[in-house]
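Asker: Got a predicted structure here, sequence first:
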Amino acid sequence: MARVVVTGVGALTPLGADAVTLVELLNQGHSGIRPLVSPWIKNLVSPLAAPVLTPLENRFSKLRRLMLDRVAQMSLWATSEAIAQAGLNFAEDIGLECGIFWGTGMGGATTLEAAYVESLLNNAARPRPTTIVMLMANASTGQIGMEYKIRGPSTTYSSACSSSAVAIGEAFLAIQSGRIRYAVAGGAEAMLTQGAMKAWESLQTLAKADAQHPETSCRPFSKDRSGFILGEGAAALILEDESSARARGATILAELVGYGNTTDATHITQPDVDGQVRAMRQALNQARLNPDQVHHINAHGTGTLVGDAVETRAIKAMFGETAKHIPISATKALHGHLMGATGAVEMVALLGTLNTRIVPPTAHLMQPDPECDLDYVSEGARTLKTLDVVMSNSFGFGGNNVVLIARRYQP
Amino acid sequence: MLVEEFGLTAEQVHPDSKLEELGVDSLATVEFMFMLEDKFELKMSGEPVTVKTVGDIAREVDVVAAAQGIDLNAGMPPQ
């Protein structure tokens, strides 16, 4: 079995235009949550979201933008950063040995909504001819391939909040098994549209806005938590067969060692302790690690009442007495819930944690909850002397549980 | 319109310019035809037409406009 290493990361998030800025701002406890500025925002109960503020327009020509929904623009942005860091040129023969594994929840939501508005409300004779190729879930995947001449297998994953974590896990397996040598893995989401946000609002999972400090409205593991804040963005990882990376002298950022993927088979939205425990155990078994060897967890930690309590119970069930000694961070308090992109964004953040040895805080945890009684790093970023094995949890609607484990690379 | 809507330069856009070389693929060509229909209130035939150059599009629009009695210069600023 090949060892799988990470040689590049990229992130475009509510916390900036690159991966380094994401990690720095998380450690500073900087929140990307703010009232959305839009003519329709008055139609929502809460105007809060975690938007990407980086202007995208100048990155692509007008002609190119004709084919690119916002989600694909974000996908290309993050991928560009990751490929540049890895220093790979897929236009050469290695493009045949590289796969694309990309996750998204809703794909081209902006395009879909515009088409509905034009067709159903404005009685337009026809939507734009590029509507389908912009809204389809695999549009970003195809555009990444075209942009970088990546010609190996490509698959698009859609499992709600775990989409891009699945993408990274499946890319890991494909390289481990020898099917490919390189992978672009990650995901993107851009669904801050009126229709999508109204639908989320109806589901009663969004956080109530704090009138005085709106940027603190998402409060994972805090007793006064009330839900999550929708965000948008993209993140990409370049995964590579260790021998290829070493042969070309690449800088290895981390080694991916474990991937767990299970289904609750209980409820379409309610999380399940057993399903989450099985996913963590799978990942640990694959990594050949004992529970006491995990030094940090980036939790799914969305800030919902039920979700955070269930995840706490699952971590306790998996780690036993060790659980209370593991620093756990829920970074969604700061970057929002980026849905299909969130697993990849949190993985990029986690690799930043591994490399800086600084664990980001779970921000806005101001009221401890007896049901959530672990170490959530609520006091602010913490430097750890020993930080070599890190875990990321991503649990999606539909009952999909994904756990990824990375460790400091040792030749 | 190719300059304004597609971001091409005036130097690039000539009757003999090949659409493919301008980066205007078949989908973008359809998009452009739709834009022309909307702007001039034309109705293209819907029949397949071989369009390879900017001039091919202009000729097709001229033919359709003439058939439908539409003055393409109406409302345009004087030259």
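Answerer: Everything's here; your move.
Asker: Shouldn't A:G307 be within a helix?
Answerer: Yes - using DSSP: H, G, I helix; E, B strand; the rest coil, the assignment for A:G307 is a helix.
Asker: residues in chain B within reach of chain A, list them.
Answerer: B:5-8, B:22-24, B:27-28, B:30-31, B:34 (CB under 8 Å from any CB of the partner chain). (Glycine included, C-beta is placed from N, CA and C.)
Asker: thinking B:I57 is in contact with B:V30, fair?
Answerer: No - proximity of B:I57 to B:V30 does not meet the contact threshold set by CB atoms under 8 Å, at 11.1 Å.
Asker: Same drill for those two, tell me which one is more crowded.
Answerer: B:I57 (21 against 15; other CB atoms under 10 Å in any protein chain shown).
Asker: State the distance from that one to chain A.
Answerer: B:I57 sits at a distance of 15 Å from chain A (criterion: CB to the nearest CB, to the nearest Å).
Asker: Look at that residue and give its secondary structure.
Answerer: Going by three-state DSSP: B:I57 is helix.
Asker: now the one 5 residues further on
Answerer: Here B:D62 takes the helix state, with states given by three-state DSSP.
Asker: Tell me who's in contact with A:T304.
Answerer: Contact partners of A:T304, counting by CB atoms under 8 Å, 6 or more residues apart in numbering or on different chains, are A:205, A:225, A:227-228.
Asker: how does it look with 7 Å?
Answerer: A:205, A:227-228 (CB atoms under 7 Å, 6 or more residues apart in numbering or on different chains).
Asker: what's the following helix or strand after the helix or strand hosting A:A236?
Answerer: Using DSSP states H and E, A:A236 falls within strand A:233-241. Using DSSP H and E, the helix or strand that follows strand A:233-241 in sequence is helix A:242-247.
Asker: tell me what that next one is packed against?
Answerer: Packed against helix A:242-247 by the contact rule (3 or more CB pairs under 7 Å, 6 or more residues apart in numbering or on different chains; DSSP states H and E) you find strand A:4-12.
Asker: Which residue would be the closest one in chain A to chain B?
Answerer: Residue nearest to chain B within chain A: A:K62 (3.0 Å; CB to the nearest CB).
Asker: doesn't A:G105 make contact with A:G187?
Answerer: No - at 8.5 Å, A:G187 does not count as touching A:G105 under the criterion of CB atoms under 7 Å.
Asker: ok, back up a step: most neighbours among the contacts of A:T304, please name it.
Answerer: Busiest of the contacts of A:T304 [other CB under 10 Å] is A:F228, holding 29 neighbours.
Asker: From A:A265, how far off is A:T104?
Answerer: To A:A265, A:T104 is 24 Å away according to CB to CB, to the nearest Å.
Asker: okay, those two: which has more neighbours?
Answerer: A:T104 (32 against 9).
Asker: contacting residues around the more buried one?
Answerer: A:71, A:137, A:140, A:156, A:158, A:163, A:187-189, A:340 are the contacts of A:T104 under CB under 7 Å, 6+ apart.
Asker: Not counting sequence-adjacent ones, nearest residue to it?
Answerer: A:G340 (4.0 Å; CB to CB, 6 or more residues apart in numbering or on different chains).
Asker: State the distance from that neighbour to A:R3.
Answerer: Distance from A:G340 to A:R3, by CB to CB: 28 Å.
Asker: Please identify which of those two sits among more neighbours.
Answerer: A:G340 (36 against 18).
Asker: show me what contacts the more buried one?
Answerer: So A:G340 contacts A:103-105, A:158, A:163-164, A:187-189 (CB under 7 Å, 6+ apart).
Asker: Please flag which of these sit within helices.
Answerer: Among the contacts of A:G340, the members found in helices (DSSP state H) are A:163-164.
Asker: secondary structure class for residue 72?
Answerer: All of this is about chain A. helix.
Asker: meant chain B, my bad for not saying
Answerer: coil.
Asker: what's the distance between the closest residue to it other than its chain neighbours and B:A74?
Answerer: Distances taken as CB to CB, 6+ apart put B:A65 closest to B:L72, at 5.2 Å, once the chain neighbours are dropped. According to CB to CB, B:A65 and B:A74 sit 10 Å apart.
Asker: Pick out whichever of the two has more residues nearby.
Answerer: B:A65 (17 against 8).
Asker: need the contact list for the more buried one.
Answerer: B:A65 neighbours (CB under 7 Å, 6+ apart): B:40, B:42, B:72.
Asker: who's in contact with the closest residue to chain A within chain B?
Answerer: With CB to the nearest CB as the measure, B:G7 is the residue of chain B nearest to chain A, at 3.0 Å. B:G7 sits next to A:61-63 when contact means CB under 7 Å, 6+ apart.
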